[in-house]
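# Whatever this is, show me its structure:
(3 chains)
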Amino acid sequence: MRHDHIISAKQLSRADIEEVLDRAAEIADDPTAFGDRHPGALLGLLFFEPSTRTKMSFTASIKRLGGDIVDMGPVEYSSVKKGESLADTVRVVEGYADALVLRHPMEGSATMASEFVDVPLINAGDGAGQHPTQTLLDLYTIRENAGLDDLSIGIMGDLKYGRTVHSLAHALTNFGASQHFISPESLQLPRNVRYDLHEEGATIREHTELDPVLDSLDVLYVTRIQEERFPDESEYREVAGEYRIDAETLEEAREDLTVLHPLPRVDEIDHDVDATDHAAYFEQAHNGVPVRMALLDLVLGGESQ
Amino acid sequence: MRHDHIISAKQLSRADIEEVLDRAAEIADDPTAFGDRHPGALLGLLFFEPSTRTKMSFTASIKRLGGDIVDMGPVEYSSVKKGESLADTVRVVEGYADALVLRHPMEGSATMASEFVDVPLINAGDGAGQHPTQTLLDLYTIRENAGLDDLSIGIMGDLKYGRTVHSLAHALTNFGASQHFISPESLQLPRNVRYDLHEEGATIREHTELDPVLDSLDVLYVTRIQEERFPDESEYREVAGEYRIDAETLEEAREDLTVLHPLPRVDEIDHDVDATDHAAYFEQAHNGVPVRMALLDLVLGGESQ
Amino acid sequence: MRHDHIISAKQLSRADIEEVLDRAAEIADDPTAFGDRHPGALLGLLFFEPSTRTKMSFTASIKRLGGDIVDMGPVEYSSVKKGESLADTVRVVEGYADALVLRHPMEGSATMASEFVDVPLINAGDGAGQHPTQTLLDLYTIRENAGLDDLSIGIMGDLKYGRTVHSLAHALTNFGASQHFISPESLQLPRNVRYDLHEEGATIREHTELDPVLDSLDVLYVTRIQEERFPDESEYREVAGEYRIDAETLEEAREDLTVLHPLPRVDEIDHDVDATDHAAYFEQAHNGVPVRMALLDLVLGGESQ
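The predicted structure follows:
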């Protein structure tokens, strides 16, 4: 893989993705072997929006490779408040680091920013746009639990606004997965995403209920339905309740069904699922480390061990 | 010492405490000998409340051992704001670190959180509850300055709400100290703490004035009386003024009296005390590093040098 | 150079300055040779005001030397909020680090703080006071681009309130530069600064327009004119517009003119200047790393390689 910048999962071919996942598997197998991989490498963190897991796992990842971070900190305490443009900020900060990670609320910001810098820039979420490292860790977790070949996956919840879901759907198309989208009508896939998936040759079906499709799934990927998408709270509660799963729901599922969630969850997945063999969402979060280590290793120029 | 988690000073036996203090003394004696003790070890910092000295000294401690931190940062910028439960947060973050440090405003939170994680969790203060590393550094400073045997200690100020004071009193009971509690009547030890201390065989006496007991003390531990504990400002000023010490106050003390304070101070200790030989509160703060290094070293599995 | 604390550029002799700049040049030439220069050194960061580039570049600098940071974080989350004095805060924090960097809104705070600590303290800006590392990186950038001998420099914008400008003017006087100050009348050099520069033997001229002097300059140092200095927005716009430069403005300049700016810029320099050979303000920001590495190296006791 040779990309200056990692902006979107769409830019990654199946071979690119497999290179990252293979490297991640190598790392997960023996993390300490990579502990001195990039001594002294500095990763600049530019998070213009709150983040816990993405920021902490990038931090852990570069440190597990022997490198370190240079963190802008909360935007409220930065010179952005003095009216500096994003283009200027990234041009300054590239002088302090060997690669940059950017999260910014504005869709397209990562692409724009990447045009101003020479060091590699990784998009860690640009508003409603892309979040490629989330997609890579989702794919890694699916591959580890169910395999990516002949996969039957259900993707449930807010399919309209969830960038995570769109990225994942595009990426899975590379692997020929059967994709079942399960959501209330008001939160179905946007027309343009559906169109693009068809163009890419995706095998997709849309449902308004989980029940009829549950026992055919290898993986069920649950996302949060956000209250602010609904005109009033009672409507939200009713809809959200229908797409909520618990241990009882999963009694109808295949024994080896893997349940994923990008986290944080609020109550889409009952805590009684945590103790079942289906639950893989904490493992999924933890996989952020080997996957981001792999990506950083490739971006910073690491050869295979 | 083999504890998965360090939640309360009460869980530590006299032998446990002495193991930590001995290791801390070893470290203080030659800190650089420990500089490569835990290379690559990552300490996850979860501070749900503001903190300066505790957070900075944990940071310095793990770095002085050759390790590093993965910091959640201010809670305002974390996914906790999206409604994630503490149990979920710690289960995610344990994937990014080899041990966790938690400060949280809710009493009992550290115990609860520790039940969800496999990596060691250290309580750095849970509301009105426990703050064991503060107690350990207090004990270390007392031992270095006055010894823990045959100790006569005065503990003064807010004895009702101060978690620091309660932890310290319990721990000192292990060493048979004579404990004098000096406070206004409205801020005396809570009944249950007094009861527990008696049950544990503590030697305690309670006073409303420092003067009669001052010249018998090896150590005077001063804590802050908080304005918000009083119905009006004038009452606060009057009471606070009576439990404030300055260089003149200490003329009646023994020459080798050691004055401690958990800091930050507001004006309980006049700045003219700083220049006297009694003042050991900055040394006390600095001892946070060898003591936390010792604890981390033991928790992370370090053998004696 | 042997200074306990770096408080003001004024304390640095020409020889001191050249020692820092020479060391910075050595570092810029082969940064990796310094990567293990101060292993385990901890730099305490106390930023009581927002900062991006200063804080990030100090962070990168100590890490590029093999050391690390212990960061107080945003002051809103520190015990300063509990009423602790700056003197107490620095006395505590010096126990956690080998050197301190302080930014504080109050002029004179760095001098005051330095009197309470034994470890070296570097002033990273004290309100309207000094910011010596900015001056050093400015001098370094000027030396690299135009040389410090026989220099003709224009300093334009807000000359009344800009601490950067005052420090730079004093420092350039050591090198016998011809200094042209260009500003609206309302933002001219303060009388006391002008007086001091004359006393120090500076060669200065003051102008209200750039045009007559532009083609004599080796360096044009542009600073931001802040809207809040003006009674109303229209007056601000009019004045700011006159001291704004773009590629067309620079057609009248010498081919080798170097344009500098301490950043962040708002619109004092049009983006069309970025692509010209004149633009050196991003390079200037990047020079913060070798220059601060050099200063830290000297302060922490590094001998010449």
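# now whichever residue of the stretch 51-200 of chain A sits closest to chain C, what's its secondary structure?
Closest residue of the stretch 51-200 of chain A to chain C, C-beta to the nearest C-beta: A:Gly95 (3.0 Å). Placement of C-beta: from N, CA and C, glycine included. Of the three states, A:Gly95 takes helix under DSSP: H, G, I helix; E, B strand; the rest coil.
# In contact with it, which residues?
A:Gly95 makes contact with C:57, C:282, C:285-286, C:288-289, according to C-beta atoms under 8 Å, 6 or more residues apart in numbering or on different chains.
# Go through these and flag which are in strands.
Among the contacts of A:Gly95, no member is found in strands (DSSP state E).
# can those go into JSON lines with extra columns for neighbour count?
Listed next are these as JSON lines, based on neighbours: other C-beta atoms under 10 Å in any protein chain shown:
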{"residue": "C:Ser57", "neighbour count": "28"}
{"residue": "C:Phe282", "neighbour count": "17"}
{"residue": "C:Ala285", "neighbour count": "27"}
{"residue": "C:His286", "neighbour count": "23"}
{"residue": "C:Gly288", "neighbour count": "27"}
{"residue": "C:Val289", "neighbour count": "27"}
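# Which ones, among these, also lie beside chain A?
When contact is defined as C-beta under 8 Å from any C-beta of the partner chain, those meet chain A at C:57, C:282, C:285-286, C:288-289.
# Could I get the contacting residues of A:Ile155?
Applying C-beta under 8 Å, 6+ apart, the residues near A:Ile155 are A:165, A:168-169, A:179-182, A:221, A:223.
# now, which of these sits nearest A:Glu242?
The nearest member of the contacts of A:Ile155 to A:Glu242, counting by C-beta to C-beta, is A:Ile182 at 10.0 Å.
# so of the contacts of A:Gly95, which ones are in helices?
With helices taken from DSSP state H, the overlap with the contacts of A:Gly95 comprises C:57, C:282, C:285-286, C:288-289.
# Mind putting those residues into TSV with distance to chain B?
Shown next, in TSV, are the ones in helices among the contacts of A:Gly95 (distance: C-beta to the nearest C-beta, whole Å):
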residue	distance to chain B
C:Ser57	20
C:Phe282	28
C:Ala285	24
C:His286	25
C:Gly288	23
C:Val289	20
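# of those, closest to C:Pro212?
Nearest to C:Pro212 among those, with distances taken as C-beta to C-beta, is C:Phe282, at 28.6 Å.
# out of everything not next to it in sequence, what's closest to that closest one?
Nearest residue to C:Phe282, sequence neighbours excluded (C-beta to C-beta, 6 or more residues apart in numbering or on different chains): A:Arg91, at 5.0 Å.
# what about A:Pro120, distance to C:Thr258?
Here A:Pro120 is placed at a distance of 29 Å from C:Thr258 (C-beta to C-beta, to the nearest Å).
# Now for the closest residue to A:Val75 other than its chain neighbours: which residues touch it?
What sits nearest to A:Val75 in space, not counting adjacent residues and going by C-beta to C-beta, 6+ apart, is A:Phe48, at 5.0 Å. With contact set as C-beta under 8 Å, 6+ apart, A:Phe48 has these partners: A:75, A:80, A:102-105.
# And the pLDDT at A:Phe48?
Here the pLDDT value assigned to A:Phe48 is 93.
# same deal with A:Gly302?
64.
# ok now the longest helix along chain A, how far from the chain's centre?
When chain A is parsed with DSSP H, its longest helix is helix A:14-29. Distance of helix A:14-29 from the chain centroid (C-alpha atoms, centre = their mean, to the nearest Å) equals 15 Å.
# quick one, what contacts the residue in the stretch 151-300 of chain A that chain C sits nearest to?
Residue nearest to chain C within the stretch 151-300 of chain A: A:Leu300 (14.4 Å; C-beta to the nearest C-beta). Applying C-beta under 8 Å, 6+ apart to A:Leu300 gives the contacts A:38, A:41, A:65, A:67, A:98-99, A:120.
# quick one: which of those residues is most hemmed in?
Greatest neighbour count in those, by other C-beta atoms under 10 Å in any protein chain shown, goes to A:Leu65: 26 neighbours.
# Does chain C have contacts with stretch A:117-134?
No. Using C-beta under 8 Å from any C-beta, stretch A:117-134 never reaches chain C; the gap is at least 10.3 Å.
# Determine if any part of the worst-scoring helix or strand of chain A on mean pLDDT is in contact with chain B.
Lowest on mean pLDDT, DSSP states H and E among the helices and strands of chain A sits helix A:233-242, with a mean of 84. No. Helix A:233-242 does not reach chain B (C-beta under 8 Å from any C-beta); its nearest approach is 12.5 Å.
# Okay, the residue nearest to C:Phe282 and chain B: tell me how far apart.
To chain B, A:Arg91 is 24 Å away according to C-beta to the nearest C-beta, to the nearest Å.
# Could you double-check that A:Tyr236 lies in contact with A:Glu227?
Yes. When contacts are counted by C-beta atoms under 8 Å, A:Tyr236 is listed as touching A:Glu227 (4.8 Å).
# separation between the closest residue to A:Asp68 other than its chain neighbours and A:Leu42?
Distances taken as C-beta to C-beta, 6+ apart put C:Lys63 closest to A:Asp68, at 5.1 Å, once the chain neighbours are dropped. C:Lys63 sits 6 Å away from A:Leu42, going by C-beta to C-beta.
# anything in contact with each of those two?
Counting by C-beta under 8 Å, 6+ apart, the contacts common to C:Lys63 and A:Leu42 are A:68, A:70.
# Low-confidence ranges, the stretch 1-150 of chain A, go.
Across the stretch 1-150 of chain A, residues meeting the criterion (pLDDT under 70) sit at A:1-3, A:77-81.
# Residue numbers of chain A in contact with chain C?
Counting by C-beta under 8 Å from any C-beta, the residues of chain A that sit close to chain C are A:39-40, A:42, A:44, A:68, A:70-74, A:76-84, A:87-89, A:91-93, A:95-97.
# buried residues in the longest helix of chain A?
Neighbour-count burial for helix A:14-29 flags A:16-21, A:23-24, A:26-28 (criterion: 16 or more other C-beta atoms under 10 Å in any protein chain shown).
# Please work out which residues outside stretch A:105-119 touch it.
Residues contacting stretch A:105-119 (C-beta under 8 Å, 6+ apart): A:4-5, A:7, A:44, A:48-49, A:86-87, A:90-91, A:94, A:97-100, A:102, A:104, A:121, A:123, A:126-130.
# would you list every one of the helices in chain A?
In chain A, the helices defined using DSSP H lie at A:14-29, A:53-64, A:86-93, A:109-114, A:132-145, A:163-173, A:191-199, A:211-214, A:233-242, A:281-286, A:288-299.
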